[in-house]
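**Student:** make a model of this:
(chains A and B, ligands or ions: 1)
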Amino acid sequence: MTPPAATAPRPARESPEGGVQTMTYREAIRLALREEMQLDERVFVMGEEVGLFDGSYKVTAGLMDEFGSERVRDTPISEEAFVGAGIGAAMIGERPVVEIMTLNFLLVAMDQVVNHAAKVGAMFGGEVRVPMVIRTPNGAGNQLTAQHSQSFDGWFAGTPGLKVVAPSNPADARALLKAAIRDDDPVLFIENLPIYKEKGEVDTEDDSLGEIGRAAILREGTDLTLCAHSFATVRCLEVADLLEQRHGYSVEVVDLRSLRPLDVETVAASVAKTNRALCVEEGWPSYGVTAELAARIQRACFDELDAPVERVGMAEVPLPYSKPLELGAMPGKDRICAAALATLEGAR
Amino acid sequence: MGESVATEDPSVETEHRLALYRAMVLSREFETEAERQYKAAKIGGYCHLSSGQEATTVGTVTALEEDDYLVTGYRCHGFALARGVSADSAMAELFGRQDGCAHGRGGSMHLLDVERHFYGGWGIVAGQLPIATGLALGIVRQDRSQAVLCELGEGAVNMGAWHESLNLASLWKLPVVFLAVNNEYGMGTAVDRASAEPEVFRRASAHRMHGERVDGNDLDAVVEAATRLLTLAREEREPAVLEAVTYRYRGHSVADAGLAYRTKDEIAEWSGNRDPIELERSRLLEAGVAAGEIEAIEDDAREEVKRAVEFAEASPEPALDGLARGMHAPGSEAQFAGMRAGSPFGEETLTFDAGLGS
Ligand SMILES: Cc1ncc(C[n+]2csc(CCOP(=O)(O)OP(=O)(O)O)c2C)c(N)n1
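**Tutor:** A predicted model of the protein is given here:
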């Protein structure tokens, strides 16, 4: 029960072997944090259980050992206070990376995010900046029930003054988190619980930053564009393979990576080529990310569309605990596949 | 419910003590079984056990009158059972089955029983405090003589909702007792690493509210304090904070081994020397209750949990067409006629034929 004395940083471990490595999404985030903390004294991490406990989802494992408890700060359960404290520290030049255990808990700090962090730049006429990152996972699928299984990406992405980034693979996660930390605006960096264990190749010698506001074509195709972000992209890549193998369709997958700013150009160019679009998200689709995409696509591609833009998301219910009910509500591969076929074949 | 442990008639007192002892054992057995079933993948999600905290749970709930209200956080199995929710319906809820107390919708964190005035296990730290305050406001508006018991972990006292709720309750003289269960850790964070004032009860004074601390492993002490404070709330509209100092043996949830932030010796110290069930057991023996009688009670509680698992296994999974069950008040269907609820794009695979209401 005695609090450990503030720990001093230990000399940094040798960097992991260089070159291209296969690592999990979780490890890629941790790598980006380490790299940025090594580079810039102003970068510090705070959040619940990020230090002694190694992070609720082990993203920050080992960082307190390496950087000490002043730079990897365990907080009380006080989201509103420490999100706001991040804003304040950022306003005078610190570069806080605030971890919120899951996106669900950001709601109690919503006022600080939406009505404070997002306002500072414009409301004070550009006199002050908030170079802060809030990292947090969203997502469902583990029977965590109604209060713990939500994805509010669209709410934040709809807020002028914020930047919202949500990569789908380890390489992008590392590059975009580094970019977010160096960005001079508040960036909400949305991770995802099931995505943490996804693996991918990361070129650890490539220090280029990710480009906030740039989508990526992860898979080329000619018949249909699947458009998604974060874990929904992982699902879409699998569905694209299925559609090709079982039904012979050539499917393109656009990974948004960034929700605000949104790369409408890349999305529109893809749909102009395939003439059909299915937008997928983990959250509730009404008034959501896919709603925004559908509106933008129909405007940009009105003459090129061969079918209405379709959308798949979470069933619009507070998520139930029961496994079969939860599965029934999720935007799983079956539902994405069915919607894709309907878009491709015109059947409903 | 409601009697204090010290009654005049010794046989009545013994009977009451045995009932409380059984409730504590039932809670422990239930948690042990829940962990086993979780590891067998029968239970999913988060599953927060309260083994070690039984005197606090049972001692406070027994101090409630039948029509008082109870609200808790997510560590709610023991509270539900002590309030009279059957082990069957609690276990069925953990299994996500139709016969669970929330019909399989809530799971481990969201047990409830409206009939017994248990208004829910809640999952957002401190989220239940304003709600409990509101139940107390309802009581005042309805001019009834009732009290609300609101459980929270000691980690919740650092949330704004705690301060705001205490102020409101004190300002408006609302009949609510905030039970801060101080089990030493909020996840992996020891109380003095999170709270500038680690003696949680002292924070009540900032709101001119009574606060006190009780040994949460001593059933008699808990019953005494809870009875006194709930009576004051009920009769004088005096809200209070009761801090019960206790210990959780298992990890934060079943997924946490619970060893990264504390020592095995520390756990052994509490479970070996300060176990609330052992303490009560030795008091019963001292009072002359036969060991055989105690063992019979323990066997009986174990049997009840075993039957609960069978009941849960046999209960059906909720049907998919009831996905939106309870989301809106009955009669809302017409309002949603233009926006098919739950599946606004009319996906065929999402059916809500059972409607939105009950
Ligand atoms: C607002 C909010 N932040 C974070 C969490 C995640 N969380 C769940 S329980 C918990 C620890 C709570 O500790 P305490 O209040 O002491 O209760 P205990 O678990 O010990 O019963 C945390 C951080 C949450 N549920 N809600």
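**Student:** hey, let's count contacts and neighbours off CA atoms from now on
**Tutor:** Will do.
**Student:** residues from the stretch 151-300 of chain B in reach of chain A?
**Tutor:** Residues of the stretch 151-300 of chain B found near chain A (Cα under 8 Å from any Cα of the partner chain) are B:155-156, B:158-160, B:184, B:187-195, B:260-262.
**Student:** now a PyMOL select for only the buried ones of these.
**Tutor:** Selection of buried members from these for PyMOL, criterion 16 or more other Cα atoms under 10 Å in any protein chain shown:
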select buried, chain B and resi 155+156+158+159+160+184+187+188+189+190+191+192+193+194+195
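**Student:** the residues of the stretch 151-300 of chain B next to chain A in helices, which ones?
**Tutor:** B:G160, B:V191, B:D192, B:R193, B:A194 (DSSP state H).
**Student:** re earlier: near the ligand, from the residues of the stretch 151-300 of chain B next to chain A?
**Tutor:** B:G155, B:A156, B:M187 (Cα under 6 Å from any ligand atom).
**Student:** possible to save the ones in helices among the residues of the stretch 151-300 of chain B next to chain A as a markdown table with pLDDT?
**Tutor:** Output for these, formatted as a markdown table (pLDDT from 0 to 100):
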| residue | pLDDT |
| --- | --- |
| B:G160 | 98 |
| B:V191 | 97 |
| B:D192 | 96 |
| B:R193 | 97 |
| B:A194 | 97 |
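**Student:** specify which member of these is nearest to B:V12.
**Tutor:** Within those, proximity to B:V12 (Cα to Cα) peaks at B:V191, which comes in at 39.5 Å.
**Student:** right, and that closest one touches B:Y185 too?
**Tutor:** Yes. Between B:V191 and B:Y185 there is a contact at 5.6 Å, judged by Cα atoms under 8 Å.
**Student:** next up, phi/psi of A:V45, please.
**Tutor:** Backbone torsions of A:V45, given as degrees, to the nearest 10, read phi -110, psi 140.
**Student:** cool, A:C279 as well?
**Tutor:** Per degrees, to the nearest 10, the backbone of A:C279 is at phi -100, psi 140.
**Student:** equivalent analysis for A:R260, please.
**Tutor:** Per degrees, to the nearest 10, the backbone of A:R260 is at phi -140, psi 110.
**Student:** list the contacts of it.
**Tutor:** A:A157, A:G158, A:L162, A:K163, A:V164, A:V165, A:G213 (Cα atoms under 8 Å, 6 or more residues apart in numbering or on different chains).
**Student:** if you set the cut-off to 7 Å instead, what comes out?
**Tutor:** Counting by Cα atoms under 7 Å, 6 or more residues apart in numbering or on different chains, A:R260 touches A:A157, A:K163, A:V164, A:G213.
**Student:** could you give me the average pLDDT of the helix or strand containing A:L259?
**Tutor:** Element membership of A:L259 [criterion: DSSP states H and E] is strand A:258-260. Averaged across strand A:258-260, the pLDDT comes to 98.
**Student:** which is the next helix or strand following it?
**Tutor:** helix A:264-274.
**Student:** now the lengthiest helix in chain B: buried residues?
**Tutor:** Counting residues, the longest helix in chain B under DSSP H turns out to be helix B:10-39. Buried positions in helix B:10-39, judged by neighbour count with 16+ other Cα under 10 Å: B:13-14, B:16-18, B:20-35, B:37-38.
**Student:** give me the subset of the residues you listed touching chain A.
**Tutor:** Filtering these for neighbours of chain A using Cα under 7 Å from any Cα of the partner chain leaves an empty set.
**Student:** how does the chain divide into domains?
**Tutor:** Using chain A here. A:22-203, A:216-345 (automatic domain parsing).
**Student:** that answer is for a different chain, and I need it for chain B
**Tutor:** Taken from automatic domain parsing, chain B resolves into B:10-318, B:321-358.
**Student:** least reliable of these going by mean pLDDT?
**Tutor:** domain B:321-358 (a mean of 64).
**Student:** show me which positions of stretch A:292-312 end up buried.
**Tutor:** In stretch A:292-312, counting by 16+ other Cα under 10 Å, buried: A:292-294, A:296-298, A:300-301, A:304-305, A:309-312.
**Student:** does A:A173 touch A:A28 like I think?
**Tutor:** Yes. Counting by Cα atoms under 7 Å, A:A173 touches A:A28, with 6.4 Å between them.
**Student:** for the longest helix seen in chain A, which helices and strands make contact with it?
**Tutor:** Ranked by residue count under DSSP H, the longest helix found in chain A is helix A:231-247. When contacts are defined as 3 or more Cα pairs under 7 Å, 6 or more residues apart in numbering or on different chains; DSSP states H and E, helix A:231-247 packs onto strand A:251-255, helix A:333-345.
**Student:** one more time with 8 Å
**Tutor:** strand A:224-228, strand A:251-255, strand A:277-280, helix A:333-345 (3 or more Cα pairs under 8 Å, 6 or more residues apart in numbering or on different chains; DSSP states H and E).
**Student:** contacting residues around that helix?
**Tutor:** A:168, A:192, A:194-195, A:219, A:226-228, A:249-255, A:280-282, A:332-333, A:336-337.
**Student:** what do you get for stretch B:214-232?
**Tutor:** For stretch B:214-232, using Cα under 8 Å, 6+ apart, the contacting residues are B:2, B:4-5, B:52-56, B:58-60, B:62-64, B:147-149, B:175-177, B:181, B:238-240, B:242-246, B:274-276, B:279-280.
**Student:** mind running it again at 6 Å?
**Tutor:** B:A55, B:T56, B:G59, B:T60, B:A63, B:E238, B:A244, B:V245, B:T246, B:P276 (Cα atoms under 6 Å, 6 or more residues apart in numbering or on different chains).
**Student:** ok, now stretch A:95-105?
**Tutor:** Under Cα under 6 Å, 6+ apart, the answer for stretch A:95-105 is A:42-47, A:86, A:131-138, A:148.
**Student:** from those, which land in helices?
**Tutor:** Checked against DSSP H, the contacts of stretch A:95-105 include these in helices: A:G86.
**Student:** looking at the contacts of stretch A:95-105, which are in strands?
**Tutor:** Among these, the members falling in strands (DSSP state E) are A:V43, A:F44, A:V45, A:M46, A:G47, A:V133, A:I134, A:R135, A:T136, A:P137, A:N138.
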